[in-house]
Structures are given as C-alpha cells and as structure tokens.
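S.K.: Build the 3D model from these lines:
(2 chains)
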Amino acid sequence: MSVDRVNTALRRVPAWVLYIVGPLPALWFLWLGLTGGLGIEPIRGLEHELGQFALKLMIAGLAITPLRRLAGLNLIRYRRAIGLLAFFYVLLHLAVWLFLDLQNWGLIRADILKRPYITIGMLAFALMIPLALTSNNRSVRKLGPSWRRLHRLTYPAVLLGAIHFVMLVKGWQAEPLIYLAVILGLLALRLRRAPRRAAA
Amino acid sequence: GLGAVESAYSTDDDPNTFEEITRYNNFYEFGTGKEDPARNAGALTTDPWAVQIDGLVDRPGSYDLGEILSGVTLEERIYRFRCVEAWSMVIPWVGFELSTLLNRVGVQPSAKYVAFETLVRPEEMPGQRRPILDWPYREGLRLDEAMHPLTILANGIYDEPLPNQNGAPLRLVVPWKYGFKSIKSIVRITLTEEQPLATWNMVNAREYGFYSNVNPQVSHPRWSQATERRIGGGLLSRRQETLMFNGYGEDVAGLYAGMDLKKLF
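M.R.: Numbers count the residues shown, from 1 in each chain, chains lettered A, B, ... in the order given. I've put the predicted structure just below:
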C-alpha cells in the first residue's frame, strides 16, 4: 500500500476519534490495578503505566513531522489530540503520585525540592501546561507566529520527561535509555533541518 | 516443611503472603523488573551448591551446602524487610545465625569485615548477560554486624525451601539494613581486614553507603526514607512511618555508638 493510499484512507478518520479511544488505556490500567493485573504493588504499577503511556504519546507526537518529511505520511491532523492526550496521561500520572502514592503534602514538597528526578518531572509537567492551554484554534489565531515559538516548549518537556524516567530507576536500565535514545533521535532530526534552511 | 523452630526475635507484625514475597523481588541477575525474578529464576540449579569460605579463617575451604546445614538448628525468624526503594514486607524467613557458621570455620583475630559474593552463571542468570552491574554482586558487613544474633543465613520462607527468586539456596538477611545488603545465592564468604566492596556502593557511593542502615533521617536522592509502603495493601494503601534501624534499634543501635550515621550512612 503506497503512502498516498494511506493518506487517502486516513482522510476518513476524523481526529475526534482519538479523544474517544485515547482515554481507554487509562481505564484499562485502573481496572488492572483494582483486579490484581498490575502485580503485587498496584500503586507503583499504575504510576508507571500512566507515565510510560504519556512518554509513548509524546514520542508519537514528535514523530509526526519527520514522518511527513521523510515518508510523506500525513498525520498532522492528529497532532493536537495526541499532544493533549499526552498531557492528560501526565496529569493522571501526577494525580496517582499525589493522591495514591504519597498522600502527604510535607512529603510531596520535600520530594519536589530534594529529589532531582521529581524536580525534573514537575518541570516537564509545568512546561506542558501552557501548551495544553493554547491547544485551541482561538489561541492559534490570537498568538499568531508566537504560537509556534511557544509550542517549541514541547522539545524540552519531552526530553525532561525521558530524563525523569532514566533517573528514577536504580542503575542504568535498558528500557528508559531506549525511550531517551528514541526521543533524542527525533529531536536530532529537527536540529539537522535548521542550518539547511538557513543555507537556502 | 523444614521444621524450623520459633524464635524470640520474630516480630508480631502480620507476614506478607507467600505470593507477595515470591512475586515482587529485586534480583537483577534475573532482570531489573520486579516480576522478572519469579519469571526467570526457575532455570537456576541450586543442587549441588557449595560456599567457598576463605580469607582470615582457620579452616578455609569449599563447604557443601549440606555440610553447612548439618548441625544447625533452623529457626523461623519473622522479620520486617525494608527496601531502599521505600517499600517493605514482613517475611517469615527460615535460617540460622551467621555467627554459628563463622564460629565453626574459626574467625582469626585480625579479621574485621565479612565479604559475600553471589553466584555468577550467565547461562542460568539472564540478567548477567548484560553489564547492568559489575558481576558478581558483592556485599559486606563489619564483623560485629555479621556476628549479631539478628543476622542470619536463610534457606527458607514459610518453612519451605527458599524459591530461587528469593536467593536460593542460601542468602543473607540483615533486618535493620536496606534490603540490598541481604545478598542472595551466596557462593563465597571471605573474612578480611579491609572494608570490602559492596555492589551498590560501587555503582553510586553518594546514594548507597557501605552501612546502609535503615534510617528515616538520612534522605536518599531518589526516595524519601521517612515513610514506606507495606506491600499488600492494594491501590488504596497508605504509607507508614519508617522506623530507625527498621525498628531493631534496641538490639543494634549499640553497634554504632559514637558514629555519625549521617556521614556513615
């Protein structure tokens, strides 16, 4: 099947479908957590599933532009939904940490200030807030060219998210490093583009 | 069953279930996920098994497991177990005091520390095929810690032989220290004059001290040590306060009299 045919077929799939399908994994994780499907320690299991799913969505969002440029696949219509879903999963991940894991404001405050991986995770979350708030047509119109500049915050936010994952495990484990490598690769594709444009 | 007898050192806390104890493990030789050891440890051969005891001892040599276990009285020791990752369990170990073995092989007066090593067998321990840690896994105790009656070598839980994922056939249990000190599947015990290497201390000395006593006042850069989650409470369980020396202070605080435990953490 050629890329053109995929693009044509996708024209029939509206973006709002993602808002229906996207939250389903969260419900599935919650169901697993309540029924023993997330293992012996379901709070940690739920926290990790939600966080990792957010990272996967961020990777999907970052992949859209390179896929169009390198493979001609046009998924740009879904990017906003993917970004907002990523924010939704980060929010749930944070909520599990606050309300199920720590449950104590003193501990939460100490963790944010003292534990670098949590500081970095919170920073990533903070960077995503303006992005989520301006993910509507009115903001795009109102902000004009600065909307694009503002939304470059995606890059540090995603990178910090991956670093947060690498730092929270003991030792150098493969899985978080793979996430980090994929994200660095997707960001590097953007770096390469800038000088070429300048030359032209 | 192993026929272990009761011990006055056991806690009254409710033990975790066999399933919780055997399906939520850190044993990087079998993978870094908590469920990996239960999944991957089945292939480990634990019979025959021998422990090399050497260094500053009167009777060094390779001791067969049967020989080590003959003549010891197996006790059930229900201990709190506190992982450095801020979770905890209560585990009914079966074992015997490490001091009985050390006394049998004869500790020389110059010995000050005890070093331990885990088996290296990448064919049966898939985690060892990658350099996650500098294998073999190593741990160490000061001699007085090793000789303390709370310090045991365990060969069982719930009066049954230790499952592989829990460190079969013989592991250390030091209940007032973070779990990683309680080294699993031991093949070598060496009495030394110098402080021995310890794996997590080698990985990151700033985070994992040689002593690694459970201490809610010494914060870890990754996990607050003030509280812990007792495994088994499900999605709505609450954290509980972590106790100094994991609640064994009455028995062991004397070992550290005069030491600055914030520096020697």
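S.K.: can you pull the contacts of residue A:66?
M.R.: Going by CB atoms under 8 Å, 6 or more residues apart in numbering or on different chains, residue A:66 touches A:186, A:189. In this view, the C-beta of every residue, glycine as well, is placed from N, C-alpha and C.
S.K.: my bad, should have said residue B:252
M.R.: Contacts for residue B:252 (CB under 8 Å, 6+ apart) come out as B:145, B:148, B:150, B:176, B:213, B:245.
S.K.: out of those residues, which is most surrounded?
M.R.: Each of these was scored by neighbour count (other CB atoms under 10 Å in any protein chain shown); the top score is that of residue B:176, with 28 neighbours.
S.K.: so that residue touches residue B:242, yeah?
M.R.: No. The criterion here is CB atoms under 8 Å, and residue B:176 misses it with residue B:242 at 11.7 Å.
S.K.: Kindly point out which residues are neighbours of both of these two.
M.R.: With CB under 8 Å, 6+ apart, residue B:176 and residue B:242 have common neighbours residue B:214.
S.K.: how about the nearest residue to residue A:118, chain neighbours excluded?
M.R.: Computed as CB to CB, 6 or more residues apart in numbering or on different chains, the closest residue to residue A:118 that is not its neighbour in sequence is residue A:111, at 4.8 Å.
S.K.: you'd agree the one you found is in a helix?
M.R.: Yes. Counting by DSSP: H, G, I helix; E, B strand; the rest coil, residue A:111 is part of a helix.
S.K.: Closest to the centroid, which residue in the chain?
M.R.: Answering for chain A, as no chain was given. Here the mean C-alpha position of chain A is nearest to the C-alpha of residue A:58 (CA atoms, centre = their mean), at a distance of 2.9 Å.
S.K.: Let me rephrase: I mean chain B.
M.R.: Nearest to chain B centroid, counting by CA atoms, centre = their mean: residue B:182, 1.3 Å.
S.K.: Now do that residue against chain A, distance only.
M.R.: 16 Å (CB to the nearest CB, to the nearest Å).
S.K.: can you check residue B:159 too?
M.R.: Counting by CB to the nearest CB, the separation of residue B:159 from chain A is 21 Å.
S.K.: Check whether that residue really touches residue B:15, as I assumed.
M.R.: No. Between residue B:159 and residue B:15 there is no contact under CB under 8 Å: 11.6 Å.
S.K.: neighbour-wise, which of those two wins?
M.R.: A direct count of neighbours by other CB under 10 Å for residue B:159 and residue B:15 places residue B:15 higher, at 20 against 13.
S.K.: contacting residues around that one?
M.R.: Neighbouring residues of residue B:15 by CB under 8 Å, 6+ apart: B:78, B:90, B:91, B:92, B:158.
S.K.: Flag every residue of chain A that's near chain B.
M.R.: Counting by CB under 8 Å from any CB of the partner chain, chain A comes close to chain B at A:33-34, A:39-44, A:46, A:100-104, A:107, A:110-111, A:114-117, A:167-174.
S.K.: Buried subset of those as a PyMOL selection?
M.R.: Restricted to buried positions by 16 or more other CB atoms under 10 Å in any protein chain shown, the PyMOL selection for the residues of chain A next to chain B reads:
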select buried, chain A and resi 33+39+40+41+42+43+44+46+100+101+102+103+104+110+111+115+117+167+168+169+170+173
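S.K.: circling back to that earlier point, for residue B:159 and residue B:15, list the residues in contact with both.
M.R.: Shared contacts of residue B:159 and residue B:15, defined by CB under 8 Å, 6+ apart, are found at residue B:92.
S.K.: any low-confidence regions in chain A?
M.R.: Confidence mapping of chain A against pLDDT under 70 gives the ranges A:1, A:192-200.
S.K.: Near residue 149, how many other residues are there?
M.R.: You didn't pick a chain, so chain A it is. As a burial measure, residue A:149 scores 10 neighbours (other CB under 10 Å).
S.K.: nope, chain B
M.R.: When neighbours are counted by other CB under 10 Å, residue B:149 registers 15.
S.K.: For chain A, see how far away the closest residue to it other than its chain neighbours is.
M.R.: Take residue B:149 and drop its neighbours on the chain: the residue closest to it by CB to CB, 6+ apart is residue B:97, 5.6 Å away. For residue B:97, the distance to chain A equals 30 Å [CB to the nearest CB].
S.K.: wait, doesn't residue B:97 sit right on residue B:151?
M.R.: Yes. Judged on CB under 8 Å, residue B:97 makes contact with residue B:151 at a distance of 6.8 Å.
S.K.: ok and the residue in the stretch 151-265 of chain B nearest chain A?
M.R.: Here the residue of the stretch 151-265 of chain B nearest chain A is residue B:235; by CB to the nearest CB that distance is 4.9 Å.
S.K.: Which parts of chain A are strands?
M.R.: In chain A, no segments count as strands under DSSP state E.
S.K.: Could you check which residue of it lies nearest chain B?
M.R.: residue A:40 (3.8 Å).
S.K.: Can you report how many residues lie near the residue nearest to that residue when sequence neighbours are not counted?
M.R.: Leaving aside its chain neighbours, residue A:40 sits nearest to residue B:24 (3.8 Å; criterion: CB to CB, 6+ apart). Neighbour count for residue B:24, taken as other CB under 10 Å: 22.
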